[in-house]
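> sequence plus the predicted model coming up.
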Amino acid sequence: MSVLSTLMRIRARPSPVRLRQSPPSLRRRVLRPILNQWIVHLTLLTLAALFFFPFVWMFGLSLKTDEEVTSTAVFPALPQFIASSPYVLKADKVDRPQMAPREQWNRVYPQLLSDSFSAVGTLPLPAAMFDADIQPLRQAAAIEAARLGVQWIDQNSWTTGDTEGIRGQFQNGLARSDLPSVLNGRLARLEFGDLQVRSLTGHVKPIAQDGHLWKVLSGDAELVPIDSTGVQALRYRFANSSAAPVVLQSVFDAAIPADQLLRLVIAYKGDGSWNRMDFQLQVGDQRYVSEQTSYIAQHRGASILLQPPTFLDQTLGARNWVSLAPAGRVTGPASPTQATLTLTLWPSSTLRAMWGKFQRNYSRAFRSMPFWTYVRNSLVVVILQLAGALFSSGFVGYAFARLNWPGRSLAMGILLATMMLPSQVTMIPSFLIWRAIGWYNTLNPLWIGAWLGNAFFIFLMVQHMRTIPRELDDAARIDGLDEFQIWWYVMMPQVKPTLAAIAIMTFMGAWNEFMQPLILLRDQTKFTLGLGLFAMRLDANVDWPLIMSGNLLMILPVIVIFFLFQRYFIEGVTLTGMKG
């Protein structure tokens with residue numbers, strides 16, 4: 001009774017008066033949706049940037065020279081048109097020591113720089129430099145010497161505030177440093193050393209002419225001997241990027257005829273100007289021209305290998321030489337061993353220099369390994385794996401999803417149980433099987449497994465086929481189709497998204513596969529691209545720009561295919577139901 005009376009009292013209460021709600025403000029109606037959209041887009045852009053950063057870093061490293069690898073910058077410095085050489089290199093900034101207070105560093109550093117400039121100012125100047133570069137060179141060398149001298153200062157000395165003690169340690173550090181090398185290192189200069197002739201029979205003949213090996217044929221340039229070893233520095237000027245080239249020539253006795261020449265080695269030190277060098281070589285009456293243009297990319301000593309067509313062109317080793325193409329026979333000298341080498345130095349505009357830096361490491365990657373042989377092998381494996389994975393997953397998946405046969409559930413359980421076995425467990429037994437049937441060191445083991453079925457792909461196909469109405473099968477049987485025709489004409493068009501997902505995952509797995517080729521292949525002509533890049537890494541040692549350029553060439557197809565077909569990939573994985 002009390003419960004009934006309570007309900008009656010609650011019902012008899014007057015309903016509260018509803019106040020008329022005011023319309024939402026302009027901020028809530030306009031600004032809040034925009035703000036919400038900006039937050040969503042900013043989050044997506046942040047995630048995309050995190051995803052792309054490794055690729056951006058890899059791309060930046062692939063463009064660097066060896067001298068820029070230690071730089072913390074993601075992208076390398078952009079080259080510019082260099083009108084004259086020698087020229088002064090900009091010195092790196094002297095970093096403040098970690099233990100040095102900022103106020104004390106700002107007070108002491110000018111004194112240290114003054115001491116460094118006094119020490120460098122007494123050194124003799126390098127040869128072949130322009131008069132206008134004398135003061136900038138000493139200033140750059142003083143900064144570089146200061147950077148080296150600061151490293152000799154005890155870190156605890158900065159906490160005591162003893163300025164004279166710090167300067168004493170700095171001056172001792174300068175005395176221990178090789179200041180002449182510091183001064184010469186700040187001057188970018190193009191230098192030419194001796195030549196070396198190598199024959200097919202293994203003989204090596206050095207060509208040295210006591211500082212008179214080269215002579216200037218044309219162009220605004222001159223050669224200056226810089227030491228007693230016969231090294232010549234080239235001092236040149238270009239009025240603009242379209243100026244006439246500088247042409248050098250060297251005439252010498254090669255001691256062998258043209259048909260016995262293996263290669264000609266030119267020792268030089270670059271000036272990092274990104275200007276271009278082309279070569280012509282005449283031995284006896286046979287003339288050759290260089291097939292590749294060489295960019296002067298760095299400031300260190302190096303060698304240019306000029307090589308006519310030989311047996312080495314048929315090998316798979318790194319082609320680190322400049323190929324010489326026969327250019328016909330000319331009226332030669334009386335001696336068949338008389339050689340004339342012509343070097344043409346072309347100016348590079350800023351755009352041409354940037355293009356040279358962009359393509360340098362990539363062209364080196366193509367010549368450091370048989371790139372297209374590896375690509376062909378990888379494509380063979382990928383295509384056969386794609387065909388096998390699509391056929392086996394669709395064919396076996398149809399049997400599990402649409403047909404009733406004894407032991408189907410048990411077979412499905414066994415199939416899924418194979419996914420629990422890691423590849424490391426089956427690696428050695430698989431190797432023994434392939435070797436026993438004579439398929440070791442062939443491409444067959446890399447793709448034949450896809451035709452035998454993949455448990456994960458079959459599971460994806462079964463799950464998708466089970467969502468397709470069985471009325472389609474019944475209608476097809478009424479029309480007179482057998483099971484094979486139902487699979488091909490009815491089921492396969494309905495599971496295209498899943499087939500696309502399987503194709504993308506198969507391509508990525510086959511293209512990036514490394515362990516199986518490493519175990520099963522020993523012949524370099526059968527290497528896939530992943531294994532070939534690994535072999536190039538061993539040959540290139542620590543040439544990271546070269547290695548990164550090869551890696552970028554390998555992962556670029558995977559990125560392109562994924563982004564082109566990501567819609568089908570997502571559709572296939574979600575298995576949303578009947579398609580088509």
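Good, I have the coordinates. Numbers count the residues shown, from 1 in each chain.
> isn't Leu345 right next to Trp274, touching?
No: counting by CB atoms under 8 Å, Leu345 stays clear of Trp274, with 11.7 Å between them. Bear in mind the C-beta positions are built from the backbone N, C-alpha and C, glycine included.
> between these two, which one's more packed in?
Trp274 (26 against 22; other CB atoms under 10 Å).
> now for that one: which residues touch it?
Pro79, Ile82, Tyr295, Ile296, Ala297, Ser348, Arg352, Ala353, Gly356, Lys357 (CB atoms under 8 Å, 6 or more residues apart in numbering).
> what's the answer for Arg287, then?
Applying CB under 8 Å, 6+ apart, the residues near Arg287 are Gln280, Leu281, Pro326, Ala327, Gly328, Arg329, Val330.
> top of those by neighbour count?
Leu281 (23 neighbours).
> export the contacts of Trp274 to a markdown table and tack on pLDDT?
Below are these laid out as a markdown table (pLDDT from 0 to 100):
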| residue | pLDDT |
| --- | --- |
| Pro79 | 93 |
| Ile82 | 94 |
| Tyr295 | 95 |
| Ile296 | 95 |
| Ala297 | 91 |
| Ser348 | 95 |
| Arg352 | 95 |
| Ala353 | 95 |
| Gly356 | 94 |
| Lys357 | 94 |
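> Phe130: which of those residues is nearest?
Using CB to CB, Ile82 comes nearest to Phe130 of the contacts of Trp274, at 12.8 Å.
> if we ignore the residues flanking it in sequence, what's nearest that closest one?
Nearest non-adjacent residue to Ile82, counting by CB to CB, 6 or more residues apart in numbering: Ser273, 3.8 Å away.
> hmm, the one you found is touching Ser84, no?
No: taking contacts as CB under 8 Å, Ser273 lies outside contact range of Ser84: 9.2 Å.
> show me the contacts of Trp274 that map onto helices.
Arg352, Ala353, Gly356, Lys357 (DSSP state H).
> what's the spacing between the third one and Ala267?
Meaning Gly356. 22 Å (CB to CB, to the nearest Å).
> same question for the first one.
Distance check for Arg352 against Ala267: by CB to CB, it reads 26 Å.
> lowest-pLDDT helix or strand in the protein?
For the chain, using mean pLDDT, DSSP states H and E, the weakest element among its helices and strands is helix 2-12, scoring a mean of 50.
> low-confidence ranges, the stretch 201-350 of the chain, go.
Residue ranges of the stretch 201-350 of the chain with pLDDT under 70: 211, 332, 334.
> quick one, strands of it?
204-207, 215-218, 221-225, 232-237, 246-253, 261-269, 276-283, 286-290, 294-295, 301-307, 322-329, 338-346 (DSSP state E, counting those that start in this stretch).
> can you redo those as JSON lines with distance to Phe366?
Listed next are these as JSON lines, based on distance: least, CB to CB, whole Å:
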{"stretch": "strand 204-207", "distance to Phe366": "29"}
{"stretch": "strand 215-218", "distance to Phe366": "33"}
{"stretch": "strand 221-225", "distance to Phe366": "33"}
{"stretch": "strand 232-237", "distance to Phe366": "30"}
{"stretch": "strand 246-253", "distance to Phe366": "29"}
{"stretch": "strand 261-269", "distance to Phe366": "20"}
{"stretch": "strand 276-283", "distance to Phe366": "19"}
{"stretch": "strand 286-290", "distance to Phe366": "17"}
{"stretch": "strand 294-295", "distance to Phe366": "15"}
{"stretch": "strand 301-307", "distance to Phe366": "17"}
{"stretch": "strand 322-329", "distance to Phe366": "13"}
{"stretch": "strand 338-346", "distance to Phe366": "23"}
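> indicate which one of these is closest to Phe484.
strand 322-329 (55.7 Å).
> could I have the CA atoms of the closest one written out in PDB?
Extracted C-alpha coordinates of strand 322-329, given in PDB (Å, rounded to 0.1, in the frame of the first residue of the first chain):
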ATOM      1  CA  VAL A 322      85.600   4.400 -66.300                       C
ATOM      2  CA  SER A 323      84.900   2.400 -69.400                       C
ATOM      3  CA  LEU A 324      86.800   3.400 -72.600                       C
ATOM      4  CA  ALA A 325      85.000   2.800 -75.800                       C
ATOM      5  CA  PRO A 326      87.000   2.300 -79.000                       C
ATOM      6  CA  ALA A 327      86.600   5.400 -81.300                       C
ATOM      7  CA  GLY A 328      88.400   4.100 -84.400                       C
ATOM      8  CA  ARG A 329      91.900   4.200 -85.600                       C
END
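> list the contacts of it.
Residues outside strand 322-329 that contact it (CB under 8 Å, 6+ apart): 279-281, 285-292, 294, 304-309, 313.
> what about 6 Å?
Residues outside strand 322-329 that contact it (CB atoms under 6 Å, 6 or more residues apart in numbering): Asp285, Gln286, Arg287, Tyr288, Val289, Ser290, Glu291, Gln292, Leu306, Pro308.
> which residues touch Val381?
By CB under 6 Å, 6+ apart, the contact list for Val381 reads Leu443, Leu446, Trp447, Ala510.
> number of residues surrounding the last one?
The local packing count at Ala510 equals 23, with neighbours defined by other CB under 10 Å.
> that one reaches Val382, doesn't it?
Yes: with contact defined as CB atoms under 6 Å, Ala510 counts as touching Val382 (4.6 Å).
> on that earlier part again, now the contacts of Arg287 in JSON lines, please, with extra columns for distance to Ala500.
Below are the contacts of Arg287 laid out as JSON lines (distance: CB to CB, whole Å):
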{"residue": "Gln280", "distance to Ala500": "55"}
{"residue": "Leu281", "distance to Ala500": "55"}
{"residue": "Pro326", "distance to Ala500": "51"}
{"residue": "Ala327", "distance to Ala500": "52"}
{"residue": "Gly328", "distance to Ala500": "55"}
{"residue": "Arg329", "distance to Ala500": "59"}
{"residue": "Val330", "distance to Ala500": "61"}
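> more crowded one of Ser273 and Ser84?
Taking other CB under 10 Å, Ser273 and Ser84 do not tie; Ser273 has more neighbours (27 against 16).
> hang on, isn't the more buried one packed against Ala297?
No: the criterion here is CB under 6 Å, and Ser273 misses it with Ala297 at 9.1 Å.
> the stretch 401-550 of the chain: strands as residue ranges?
Using DSSP E, counting those that start in this stretch, strands in the stretch 401-550 of the chain do not occur.
> residue ranges with poor pLDDT in it?
540.
> how does it look with 90?
By pLDDT under 90, the low-scoring segments of the stretch 401-550 of the chain are 418-427, 463-464, 467-470, 472-474, 479, 483, 494-498, 500-501, 504-505, 534-544.
> please enumerate the helices of it.
Using DSSP state H, counting those that start in this stretch, the helices of the stretch 401-550 of the chain run over 408-417, 423-436, 444-451, 455-465, 471-478, 483-485, 492-494, 496-512, 515-520, 529-540, 544-564.
> could you tell me how many residues sit around the residue nearest to Ile207 when sequence neighbours are not counted?
Excluding the flanking residues, the one nearest Ile207 by CB to CB, 6+ apart is Leu195, at 3.9 Å. A count of nearby residues for Leu195, using other CB under 10 Å, gives 22.
> okay, and Leu195 sits in which element?
Per DSSP states H and E, Leu195 falls inside strand 190-199.
> and that strand, which strands flank it?
strand 204-207 (antiparallel), strand 232-237 (antiparallel), strand 261-269 (antiparallel) (DSSP bridges).
> what lies in contact with the shortest one?
By CB under 6 Å, 6+ apart, the list of residues contacting strand 204-207 from outside reads Asp194, Leu195, Gln196, Val197, Arg198, Phe252, Ala255.
> could you redo the last one with a cut-off of 8 Å?
194-199, 213, 250, 252-256.
> out of the residues you listed, which comes closest to Pro517?
Arg198 (35.0 Å).
> beta partners for the closest one?
With DSSP bridges as the rule, Arg198 is bridged to Val204, Arg263.
> so what's the residue count around it?
18.
> my guess is it meets Ala255, correct?
No: contact criterion CB under 8 Å: Arg198 and Ala255 do not qualify, at 10.9 Å.
> re the thing from before, nearest to Phe366, of the helices of the stretch 401-550 of the chain?
helix 544-564 (8.4 Å).
> tilt between that closest one and helix 529-540?
Interaxial angle of helix 544-564 relative to helix 529-540 (axes from the mean of the first three to the mean of the last three CA atoms, to 10 degrees): 170 degrees.
> kind regards, and thank you for your time.
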